[in-house]
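> Compute the structure for the input listed below.
(chains A and B)
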Amino acid sequence: MSTTLSSPPNLLAKSTGNVAGRKLKNIVMLTLCIVAAGLAILVLGLVLFFLLSKGFSSLHIRLFTQLPDNIDTSKGGMAQSIFGTLVLLGVSSSIGLPFGILGGIYQIEARGRFASLVRFFTDVLNGIPSIVIGIFAYAAVVVPLAAKAALEHKPTAGFSAYAGGFALGILMIPTVMRTTEEILRLVPFSLREASLGLGATRWRTMWSVVLPAARGGIITGVMLALARIAGETAPLLFTIFGNQLFATHKVAGVSVPTLTAPIDALPLRIYNYSQDVDPNHNAQAWAGAVVLITLILVLSIAARFATRGNMQEEK
Amino acid sequence: MADVTTQKPTSLQDLARAQTSAPTAAKILVENVDFYYSAFHALKSINMVIPDRQVTALIGPSGCGKSTFLRTLNRMNDLIDGTRLTGKITLDGEDLYDKRVDVVDLRKRVGMVFQKPNPFPMSIYDNIAYGPRIHGLTNRKKLNEIVERTLRGSALWEEVKDKLKASAFALSGGQQQRLCIARTLAVEPEVILMDEPCSALDPNSTFRIEQLMEDLKKDYTIVIVTHNMQQAARVSQRTGFFLRGEMKEFGDTDQIFTSPKQKDTEDYVSGKFG
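Residues are numbered from 1 along each chain as shown, chains lettered A, B, ... in the order given. Presented below is the predicted three-dimensional model:
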């Protein structure tokens, strides 16, 4: 065999060795990735399985329709907790959404040093433990409200949906602001240019072109923020006190939520019941956890649908 | 509208050359314009007379400053931080960079069509009605008229008249670009700037847009940036050649392509570089 013919096989043999090594590395890394991803899903699966196996048997329509029964604890429900959680989500949204969305718009539009300062502090805020936010809300809302009512001798004075919503609203702001900013950044600059080129003001461009284009993404961010705060317990320990009844009063004959009185919430009820000596309450805590996780799941799935709808629209 | 022959600054030889061969009135007058992106000197003492109701083409290799120049004409560069302009640009004798000029008003008078079709994520109708609406028009009947007139003006009416409520994204690229032209026409500008309007389009769509420019120049002053020299030769009456931030040569399109006065221009139009 001539040298010209024998040299290609040599080259090939050499590269085959390299390829085998690289392939092995590839397989190892890929396996590690799959294992890590699988473990993450496995943990979620175990939590759900554990929760359902403990809580499913206690899940009953009573839970949604009845108040706690203090005489026969096996019979009561936690309707006031579900109601309270929904009220709290409403109050916190009325704080978290305007600040979060407008702040996100500001960071896109202003671009200056102050904007990056805002971004930095928002990130810091995101890192503050929720229990600290709870203490802050206690000092900033509960104490002044109690002082205003001059009812300090009454231990529940000041504990209210306002205080709880305030704490949860603060927790929402960083998430909503960040997602709003990121989604707005994804809107092509050419759309802005087109609008400005027609003589639109920056605000008009934002309102009529950029925000509608980003609507789906912003809704997703809001849903995820809501899902996150729906499960928060620590801030509520300092702010809402809990309630065995619906926190409502009548305005012109119609029951409306009372925002200034103690209110209940699912996570707080679960926490309290899980600490209880009464096994009926323990069982209801499990069932309540299933309800809470379903609520969060529904919010997360709704968030996905909001994004998907948006993508189809833009196609 | 001022006639260039009576108004030209004698010190500017480029302007002098421009006016002798341009019989029509000047719409935009550019005098000694320098432009900077922070420290980068992007345009160097540009002088130019843009004639009314004609097509002026700007050609040159990538990065030569022709798009930057186009964007100085409706102050789109204001959107970029750290930009600075010296010199003077006047539209019908009014200084565009005067402090009292409202950019919103200016951009209404000097419309722009971009390189990539960029319709808004809304219906065909709303895309066109957007401009008149932001300027305060709410009368449904008038809006309908504008939509029909501008879609006819951009040669799109026959293709979309039955689906005005459909999303603008349902249109083809060429149709979208004609929609963007209609959208620009809807605010009744005097000048239309086109930044490589055909670079993302197929030859057939390009042909239609070139035809459209031919029609539009009866009513509008058009300035077009193009990478396609054949296109410049086909559609324009005046051509400016940009190189490294300078305007090397400006004159009648025929002259630029057949007997350029500068060596650089000759090299570029004959395809030796670019």
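> For A:T180, which non-adjacent residue is closest in space?
Setting aside the residues directly before and after it, A:T180 is nearest to A:G104 in space (Cβ to Cβ, 6 or more residues apart in numbering or on different chains), at 2.8 Å. Backbone N, C-alpha and C define where each C-beta goes, glycine included.
> Below-threshold pLDDT in the stretch 1-150 of chain B: ranges please.
B:1-24 (pLDDT under 70).
> All the strands of it, residue numbers only.
B:26-37, B:40-51, B:55-59, B:83-91, B:94-95, B:110-113 (DSSP state E, counting those that start in this stretch).
> center of chain B, which residue is that?
B:L193 (1.8 Å; Cα atoms, centre = their mean).
> Which of the three states applies to that one?
Three-state assignment for B:L193 (DSSP: H, G, I helix; E, B strand; the rest coil): strand.
> so which of the strands of the stretch 1-150 of chain B comes closest to B:R238?
strand B:55-59 (4.5 Å; Cβ to Cβ).
> and the stretch 101-250 of chain B, which residues reach chain A?
B:104-108, B:111-112, B:114, B:116, B:118-122, B:130-131, B:134-135, B:167, B:169, B:180, B:183-184, B:187 (Cβ under 8 Å from any Cβ of the partner chain).
> show me the contacts for the nearest residue in space to A:G217 that is not next to it in sequence.
Excluding the flanking residues, the one nearest A:G217 by Cβ to Cβ, 6+ apart is A:I183, at 3.4 Å. A:I183 makes contacts with A:A214, A:G217, A:I218, A:G221, as judged by Cβ atoms under 8 Å, 6 or more residues apart in numbering or on different chains.
> of the residues of the stretch 101-250 of chain B next to chain A, buried ones?
If you count burial by 16 or more other Cβ atoms under 10 Å in any protein chain shown, the buried members of those come out as B:104, B:106-108, B:111-112, B:114, B:116, B:118-122, B:130-131, B:134-135, B:167, B:180, B:183-184, B:187.
> Take the residues you listed and keep only those in helices.
B:V104, B:L106, B:R107, B:K108, B:Y130, B:G131, B:I134, B:C180, B:R183, B:T184 (DSSP state H).
> Isn't the fourth one up against B:G136?
No: because the distance of 11.2 Å does not satisfy Cβ atoms under 8 Å, B:K108 is recorded as not touching B:G136.
> Helices of the stretch 201-315 of chain A, residue ranges please.
A:202-205, A:211-230, A:234-237, A:266-275, A:279-314 (DSSP state H, counting those that start in this stretch).
> I'd like to know which of the ones you listed has the weakest mean confidence.
Lowest mean pLDDT within the helices of the stretch 201-315 of chain A: helix A:279-314, at a mean of 80.
> Next, the buried residues of that one.
A:280-281, A:283-293, A:295-296, A:299, A:303, A:306-307, A:310.
> Quick check: which of these are also close to chain B?
Okay, of the buried residues of helix A:279-314, nothing touches chain B (Cβ under 8 Å from any Cβ).
> What residue spans form the domains of chain A?
A:2-53, A:62-314 (automatic domain parsing).
> Lowest mean pLDDT across these, which one is that?
Among those, domain A:2-53 scores lowest, at a mean of 81.
> quick one: contacts for the residue in the stretch 1-150 of chain A that chain B sits nearest to?
For the stretch 1-150 of chain A, the residue closest to chain B is A:R111, as judged by Cβ to the nearest Cβ, at 6.9 Å. Taking Cβ under 8 Å, 6+ apart, we find A:R111 in contact with B:D81.
> For it, give me the backbone phi and psi.
Backbone torsions for A:R111, taken as degrees, to the nearest 10, come to phi 60, psi 0.
> Please report the distance of it from B:L79.
11 Å (Cβ to Cβ, to the nearest Å).
> Repeat that for B:I192.
Distance from B:I192 to B:L79, by Cβ to Cβ: 19 Å.
> likewise A:Q275?
In terms of Cβ to Cβ, A:Q275 sits 58 Å off from B:L79.
> Compare the two (neighbour count), which wins?
For the pair A:Q275 and B:L79, the greater number of neighbours falls to B:L79 (15 against 10), based on other Cβ atoms under 10 Å in any protein chain shown.
> All set now, cheers.
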